[in-house]
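>>> make a model of this:
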Amino acid sequence: MKCVSCGNDVASPYCSECGQRSGIERITLKDSLKDFWDQVIGLDSMFLRTLRDLTLRPGVVAQAYINGIRVRYFGPISYFFFMITLLLLWLSMLKLDFVQLIQSRQDVMQVEHANSVVMAGVTQWVSDNIRWVLFLAVPFQAVAARYLLFRKSGLNFAEHTVPLFYTAGHLFWLTMATFAYHKAMNDIPAVTVSILSMLYFGYVYGTFIRYQPRAKAFAKGIGVYIGGQLLFSLALVLLGIAVVVGLAILNPEALKEIRPSNQP
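Below you'll find the model as predicted:
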């Protein structure tokens, strides 16, 4: 018998080359449900194991991946993008508009902008590219962890992104709960969410860093959250300045579109 996947000769229930099951028959609804149960809902599924351990011992998950154990848990980037997809599906189910949610949070935080047209455009761009905006925030947190707070950890920059992608992905559960609360109460508890996020960062690093006392690693984990936010914000400000300078040089007329509305 030939393997339907790789063409190798098969004399056992599974192909020795690629692991494909032999004797595959036509798909039935029963097979589809069983596959879904085994892969996602089953008690020993990779997803539930990742979800459980990122809740109870997140540092262990990150350390296992760094140590080369790659079959026990979702990879950090895979989990991150899986959770973003789940988040967007949740938004769709709740019939919420991400742009309106951003604007609502700005109103709650009493953020004022000189040019509402420009800010509306920026908000729309963030909404359209939310996957990559959230993705690009992680390297700035890794900079804070690698070069400012955990310089003696022995981890390189890429290894520092592992707990951060896991952390960012897992915090999307909190984001989904926030959206549900907003749907029910028409309110966004922005301060509470920020505090819980900082505490989870601290908990992650408290279980991840081994060469420092847990309380110190916990406090520095909160520093990674704050430092990453500050570095990311600084990068956005510098990018905005570069855009304005570029427009001033290449197309001065375009500056009229972003000039504060209270100026002539």
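>>> drop to CA atoms for contacts and neighbour counts, all remaining ones
OK.
>>> the longest helix in this protein is where?
The longest helix of the chain (DSSP state H) is helix 214-250.
>>> same question for that helix: list its buried residues.
For helix 214-250, the neighbour count (16 or more other CA atoms under 10 Å) marks 214, 217-229, 231-232, 244 as buried.
>>> same deal with stretch 152-162?
Applying 16+ other CA under 10 Å to stretch 152-162 flags E159, H160, T161, V162 as buried.
>>> what does the pLDDT read for the nearest residue in space to G227 that is not next to it in sequence?
Excluding the flanking residues, the one nearest G227 by CA to CA, 6 or more residues apart in numbering is A144, at 5.7 Å. pLDDT recorded at A144 is 96.
>>> circling back: between the buried residues of stretch 152-162, which sits nearest I66?
E159 (6.5 Å; CA to CA).
>>> what values do phi and psi take at that closest one?
Phi and psi for E159, reported as degrees, to the nearest 10, are phi -70, psi -30.
>>> how about the nearest residue to it, chain neighbours excluded?
I66 (6.5 Å).
>>> ok, the one you found touching F157?
No: I66 is beyond contact range of F157, at 11.9 Å (criterion: CA atoms under 8 Å).
>>> assumed C18 was part of a helix.
No: C18 is assigned coil when assessed by DSSP: H, G, I helix; E, B strand; the rest coil, not a helix.
>>> that one: how many residues sit nearby?
The burial count assigned to C18 is 12, neighbours taken as other CA atoms under 10 Å.
>>> was I right about it contacting C6?
Yes: counting by CA under 8 Å, C18 touches C6, with 7.0 Å between them.
>>> the buried residues of stretch 152-162 into TSV, with extra columns for secondary structure?
Output for these, formatted as TSV (three-state DSSP):
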residue	secondary structure
E159	helix
H160	helix
T161	helix
V162	helix
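>>> all helices for the chain, in order.
Under the criterion DSSP H, the chain carries helices at the ranges 29-36, 46-56, 58-66, 76-94, 98-108, 116-128, 130-143, 157-170, 172-185, 190-208, 214-250, 255-258.
>>> what is the second one packed up against?
With contacts defined as 3 or more CA pairs under 8 Å, 6 or more residues apart in numbering; DSSP states H and E, the packing partners of helix 46-56 are helix 58-66, helix 157-170.
>>> next, the angle from the longest one to helix 76-94.
It refers to helix 157-170. Angle, helix 157-170 to helix 76-94, by axes from the mean of the first three to the mean of the last three CA atoms, to 10 degrees: 20 degrees.
>>> what mean pLDDT does helix 157-170 have?
Helix 157-170 shows a mean pLDDT of 96.
>>> how far does it sit from its chain's centre?
Centre-to-centre, helix 157-170 and its host chain are 9 Å apart (CA atoms, centre = their mean, to the nearest Å).
>>> now do it: everything it contacts.
Residues outside helix 157-170 that contact it (CA atoms under 8 Å, 6 or more residues apart in numbering): 51, 54, 58-59, 62, 65-66, 76-77, 79-81, 83-84, 138-139, 141-143, 145-146, 200-201, 204.
>>> again with the shortest one
With contact meaning CA under 8 Å, 6+ apart, helix 58-66 is reached by 50, 53-54, 70, 73, 75-76, 159, 162-163, 166-167, 203-209.
>>> list the buried ones in it?
In terms of neighbour count (16+ other CA under 10 Å), helix 58-66 has its buried residues at P58, G59, V60, V61, A62, Q63, Y65, I66.
>>> hang on, the earlier thing: make a markdown table out of the buried residues of stretch 152-162 and add distance to R151.
Converted to a markdown table, the buried residues of stretch 152-162 look like this (distance: CA to CA, whole Å):
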| residue | distance to R151 |
| --- | --- |
| E159 | 12 |
| H160 | 10 |
| T161 | 14 |
| V162 | 16 |
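>>> what's the closest of those to Y14?
The closest of those, once distances to Y14 are taken by CA to CA, is V162, at 33.2 Å.
>>> which stretches of this structure have low pLDDT?
For the chain, the stretches with pLDDT under 70 are 23-27, 31-44, 98-128, 254-264.
>>> now with 90?
Counting by pLDDT under 90, the low-confidence segments of the chain come to 1-49, 69-72, 74, 88, 91-92, 94-134, 178-179, 181-193, 233, 235-264.
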